[in-house]
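Trainee: Quick one, structure for this:
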Amino acid sequence: MLNIFCYSIAAWVLLIGLYGVVTSRNLIHLVLCLSVMETSTYVLLTLIGYRVGGTAPVFADIPVGTKAVDPVVQALMLTDVVVEATVMALLLALAVQAHKRTGSLDPHDLRALQG
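Mentor: Residues are numbered from 1 along each chain as shown. Modelled structure (predicted):
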């Protein structure tokens, strides 16, 4: 039951971010809503890698058969953080350039940039 509740939280965070992306009238708000959507992946990866009673994935001095959390999921989480930081930096740089060229952060004003 707790597992379903946790997965529903991840879905809820994703839907909140998606709603913000769809209704956004500002490029900065759009980037922040995308960040909220990516945060739902952190919740999801945490749920996938979590094991009840699991220890850290350091296998040097623990007996065989001891439960441990999944280290692959932890590596994916770290990769996800790096990718999110890169995507946010790129999108914010594009928003700054769009503001310099159009004087507005409204996505509908970007049609003037078409060639």
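Trainee: hey, let's count contacts and neighbours off CA atoms from now on
Mentor: Noted.
Trainee: Relative to Ala68, how far out is the closest residue in space to Asp106 that isn't next to it in sequence?
Mentor: Nearest in space to Asp106, with sequence neighbours left out and distances taken as Cα to Cα, 6 or more residues apart in numbering, is Asn26 at 4.9 Å. Counting by Cα to Cα, to the nearest Å, the gap from Asn26 to Ala68 is 44 Å.
Trainee: for Gly49, same thing?
Mentor: 9 Å.
Trainee: before we move on, back to that, what's near enough to touch the residue nearest to Asp106?
Mentor: 105-107 (Cα atoms under 8 Å, 6 or more residues apart in numbering).
Trainee: What of Val73?
Mentor: Here Val73 is in contact with 45-46, 48-49 (Cα under 8 Å, 6+ apart).
Trainee: So which of these are in helices?
Mentor: The helices, defined by DSSP state H, take in 45-46, 48-49 from the contacts of Val73.
Trainee: Leu14 - how many residues pack around it?
Mentor: Neighbours of Leu14 under the rule other Cα atoms under 10 Å: 22.
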